[in-house]
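Chemist: here you go, sequence then predicted model.
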Amino acid sequence: MSCNHKNDGIDILLPIENQGRYIQNLSTNQSVYLPGETLYLSVDLSNPTLEIKTLKMVVKLKQLSEIFTEFTNDFTLELGLLTKTYEFQLPNYDYQGYSLEIYIYQNDTLIDYAMTGVDVSSTWNVFPRYAALSHYDYTDLEDVDTVLRTFKDFHINGLMYYDVIDSHDQPLAGDTLHPDESWNTINRSLATKTVLDYYIELGHTYQMQSFVYNLLFGGYESYVTRGIKPEWGLYVDPLHTTQDFHPLPSSWETSKLYLFNPGDVNWQNYYIQVMSNFLNVYDFDGIQADSLGSRGIRYDYAGNIVFLDKLHSNLLNRLKLELETQIIFNPVDGYGLDEILSQNFNDIIYVEIWEGNYNSLQNTLFNIYDSTEGHIGTVLAAYMNYGNEFGFFNEASVIYTNSVIIASGGSHLELVDTGMLSKEYYPGTMLQMTDKLQEKLHNIYSFQVAYENYLRGPGLVRSNNLTTILNYDLSNTAEQGKIWSFSRIKEDNSEVIHFINLLNTTSIDWVDSKRIKMAPVPQTNLNVKHYYSLQPTEIIVASPDRYEGISLNVPYTLGSDAFGNYVEFVLPSLEYYTMVIIR
């Protein structure tokens, strides 16, 4: 890939007192861009002093040490607030992540900096970043603007519209010629056509894909009044005396969701038709189809045992082909995942997981990557601090879990229009994020975008090359009291090493339902020795925990011993997670 030029020498950001004093916000106009598209940049500045300042702003669009765009602007910062806007054309390369870095100088002295990520991709599904919506009753459309602007700044490029439909077995309120202007959702919340249409339209201007959520095989208690037959049902006994159902609160529109056999062609025909009616009215990009995991032994109406995990694919394939729409399916807790991975209807791989530890998170992501080879991305719905409704999220557990997921090549469904998800019922009461946690998550999401080509996507192969750190215990799996280190080799002759600090953690459980996880003790100046496959020409270090994710080139030395050829360098810091790219 050609580029303008490279950074010369070693980039080391000197510590800045109160970083962020001048740059209040850095934002772009979209979540993702097409190759060669124009990016509009907005930088909000404030003057924390009592004197007018003459400053210089340097703007860089980078991919690691390669600079694609760079320009400077001298300006005067008076008292109060100032917004600077710029525009420039992005590189004409597809599926590439960049860091957009802003530096403020006074008399050639760096006084502030900030970074955000830029994703240039013609489709969303290689590097998906998914969030959820759950409220559709706003009377002021500015509330919709606020939600999607927030998601845009988190680089969200896919939206799940949770429980926006009228009912599971009749999603469209009204009919295709005369759709209703408002309706009640399953929990009797109001949804309006105006809000829904505006969400979809505004999301598309930000390059966010929209997916309507629905269970793949559920119906209300009154389903027979809609022409659905019990013969299509899923039963707990071979004599079809008791139809399987999912219980719901008695105050909702239905207290039971009766379940149907997704392999029954009559149910398939019905479901495809009602979803077609809905999509003919609303400009959704696809369907987020849900399941309920393993139901135990279940039967069809004729008394045959139903292997539910083998029956989703036919209906999902028909939905994609007959409705010409994108499909995301949730094999809850991995039930049916192997069958799904063997199909080609998947827009992304999406799995809702419920328990486990950092190793099981990584194993899930690595096993999926072995199947998809990174051509489509993976999103894990993993609800932090599950079992708690009031108070705040535990910051350390959230940062650790996100670090493990992105280092292992995945993305985390965690953001919702009301904040962050702490349970599976998205309109419900959730734990709250502190301002500090929100700021750290911004850095994590920008990091995930800026370095997406080295975190996921095609061309990554797991490596067994040995890494050591002087005076530290390392492990290639997550272990308490050790630094977790693993690496992958990329087809462009790069090797990516991930370090996760578990030195003082008391548990590698990711949920942290008791909210007791402690923040790691930051480590500095770690002496790393890595036995390489390809001789390095540069060592690049980046972390979402430091310098807002801006990468640094560090010096290194080469050597060899009985174990092979190695490179040695000093890792400047390791708080939660640091990535090293050897090129």
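Modeler: Looks like it arrived, so ask away.
Chemist: look at the nearest residue to residue 526 once chain neighbours are set aside and say how many residues are nearby.
Modeler: Nearest in space to residue 526, with sequence neighbours left out and distances taken as CB to CB, 6 or more residues apart in numbering, is residue 571 at 4.2 Å. C-betas here are computed from N, CA, C, even on glycine. Neighbour count of residue 571, defined by other CB atoms under 10 Å: 21.
Chemist: confirm residue 571 sits in a strand?
Modeler: Yes. Under DSSP: H, G, I helix; E, B strand; the rest coil, residue 571 sits within a strand.
Chemist: quick one, grab the pLDDT at it.
Modeler: The model reports residue 571 with a pLDDT of 98.
Chemist: quick one: it from residue 474, how far?
Modeler: Noted for residue 571: a distance of 12 Å to residue 474, by CB to CB, to the nearest Å.
Chemist: please apply the same query to residue 349.
Modeler: Taking CB to CB, one finds residue 349 at 30 Å from residue 474.
Chemist: ok, now residue 453?
Modeler: Counting by CB to CB - residue 453 and residue 474 are separated by 26 Å.
Chemist: how about the helices in the stretch 301-450 of the chain?
Modeler: 312-323, 337-341, 358-372, 395-407, 435-450 (DSSP state H, counting those that start in this stretch).
Chemist: now the stretch 151-300 of the chain
Modeler: With DSSP H, counting those that start in this stretch, the ranges of helices along the stretch 151-300 of the chain come out as 193-205, 265-281.
Chemist: of these, which is nearest residue 361?
Modeler: Closest of the helices of the stretch 151-300 of the chain to residue 361 is helix 193-205, at 28.5 Å (criterion: CB to CB).
Chemist: got the angle between that closest one and helix 265-281?
Modeler: Helix 193-205 and helix 265-281 are oriented at 80 degrees to each other (axes from the mean of the first three to the mean of the last three CA atoms, to 10 degrees).
Chemist: what is the mean pLDDT for helix 193-205?
Modeler: Mean predicted confidence for helix 193-205 is 98.
Chemist: and for it, what are the contacting residues?
Modeler: For helix 193-205, contacts defined as CB atoms under 8 Å, 6 or more residues apart in numbering pick out 30, 133, 136-138, 141, 144-145, 148, 159, 161, 164, 179-182, 209-210, 282-284.
Chemist: related to what we said a few turns ago, quick one, which of the helices of the stretch 301-450 of the chain is packed in tightest?
Modeler: helix 395-407 (a mean of 24; mean count of other CB atoms under 10 Å).
Chemist: what number of residues lie near residue 227?
Modeler: If we define neighbours as other CB under 10 Å, then residue 227 has 9 of them.
Chemist: report the contact partners of it.
Modeler: residue 270.
Chemist: in TSV: the helices of the stretch 301-450 of the chain, plus mean pLDDT.
Modeler: Formatted as TSV, those follow (pLDDT from 0 to 100):
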stretch	mean pLDDT
helix 312-323	98
helix 337-341	96
helix 358-372	98
helix 395-407	98
helix 435-450	98
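Chemist: so which of the ones you listed gets nearest residue 512?
Modeler: The closest of the helices of the stretch 301-450 of the chain to residue 512 is helix 395-407. By CB to CB, the value is 3.5 Å.
Chemist: all helices for the stretch 1-150 of the chain, in order.
Modeler: Listed in chain order, the helices of the stretch 1-150 of the chain (DSSP H, counting those that start in this stretch) span residues 142-153.
Chemist: what's the domain layout of the chain?
Modeler: 5-120, 130-216+285-292+312-455, 460-582 (automatic domain parsing).
Chemist: any idea of the mean pLDDT in the first one?
Modeler: Read that as domain 5-120. 91.
Chemist: before we move on, what about stretch 375-385?
Modeler: Mean pLDDT, stretch 375-385: 98.
Chemist: what's the spacing between it and its chain's center?
Modeler: 7 Å (CA atoms, centre = their mean, to the nearest Å).
Chemist: buried stuff in that stretch?
Modeler: Neighbour-count burial for stretch 375-385 flags 376-385 (criterion: 16 or more other CB atoms under 10 Å).
Chemist: one more: stretch 457-471?
Modeler: 457, 460, 463, 465-469.
Chemist: same list (those residues) but as a markdown table, adding distance to residue 49.
Modeler: Below are the buried residues of stretch 457-471 laid out as a markdown table (distance: CB to CB, whole Å):
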| residue | distance to residue 49 |
| --- | --- |
| 457 | 44 |
| 460 | 47 |
| 463 | 49 |
| 465 | 50 |
| 466 | 51 |
| 467 | 45 |
| 468 | 47 |
| 469 | 42 |
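Chemist: give me the outermost residue of the protein relative to its centroid.
Modeler: Relative to the centre of the chain, and counting by CA atoms, centre = their mean, the farthest-placed residue is residue 239 at 44.4 Å.
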